[in-house]
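Visitor: pasting a predicted model and its sequence here:
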Amino acid sequence: QAQLVSSGGGLVQPGGSLRLSCVASGFILDGYHIAWFRQIPGTEREGISCMSSNNGDTYYVDSVQGRFTLSKNVANNTVYLQMPSLRPGDTAVYYCAAHRATFSMCDFSTNTYDIWGQGTQVTVSS
């Protein structure tokens, strides 16, 4: 059974850093678009970064562009989200997601992805 298990969230002060991990099991990440989403209670889940399967191109929304880095380690079948310079506005539950690539480019639609991690809470507060 295809599964994603995320970890690495926690409480951090503004300006601090976290690295989220997402381990895939039951499938190989190669051949899958991957993405990170986040959700604040009472709001819709928002895509913040994705990586296209075919060429590894990575995309970010403006609010995290230049700060967050999505990466993939093929050897351990894991996706990462490096998050330095965290702000209170980054507080949310973060989800990783994957979709077997049937088109050339990843996107930020929740409807695209059919394998989801369980979510990990990130809280940025002093």
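Guide: Now that the structure is in, tell me what you want to look at.

Visitor: nearest residue to Val79 in space, ignoring adjacent ones along the chain?
Guide: Spatially, and ignoring its direct neighbours in sequence, Val79 is nearest to Cys22 (4.3 Å; Cβ to Cβ, 6 or more residues apart in numbering). C-beta coordinates here come from the backbone N, C-alpha and C atoms, glycine included.

Visitor: I'd guessed the one you found sits against Leu29; true?
Guide: No: counting by Cβ atoms under 8 Å, no contact exists between Cys22 and Leu29, whose distance comes to 9.4 Å.

Visitor: need the overlap of contacts for these two.
Guide: 78-79 (Cβ atoms under 8 Å, 6 or more residues apart in numbering).

Visitor: can you list the strands that whatever helix or strand Val122 lives in pairs with?
Guide: Element membership of Val122 [criterion: DSSP states H and E] is strand 120-124. Paired with strand 120-124 in the same sheet, following DSSP bridges, are strand 10-12 (parallel), strand 92-100 (antiparallel).

Visitor: so which bits of it are buried?
Guide: For strand 120-124, burial by neighbour count (16 or more other Cβ atoms under 10 Å) applies to 120, 122, 124.

Visitor: phi, psi of Asn111?
Guide: Phi and psi for Asn111, reported as degrees, to the nearest 10, are phi -70, psi -20.

Visitor: roughly how far apart are it and Met51?
Guide: 18 Å (Cβ to Cβ, to the nearest Å).

Visitor: which one's more surrounded, those two?
Guide: Set Asn111 next to Met51 and count neighbours by other Cβ atoms under 10 Å: Met51 wins out with 21 against 7.

Visitor: how about the most centrally placed residue in the chain, secondary structure?
Guide: Nearest to the mean C-alpha position of the chain, counting by Cα atoms, centre = their mean, stands Trp36 at 2.1 Å. Recorded secondary structure, Trp36: strand (DSSP: H, G, I helix; E, B strand; the rest coil).

Visitor: that one reaches Tyr94, doesn't it?
Guide: Yes: between Trp36 and Tyr94 there is a contact under Cβ under 8 Å: 6.2 Å.

Visitor: many thanks, have a good one.
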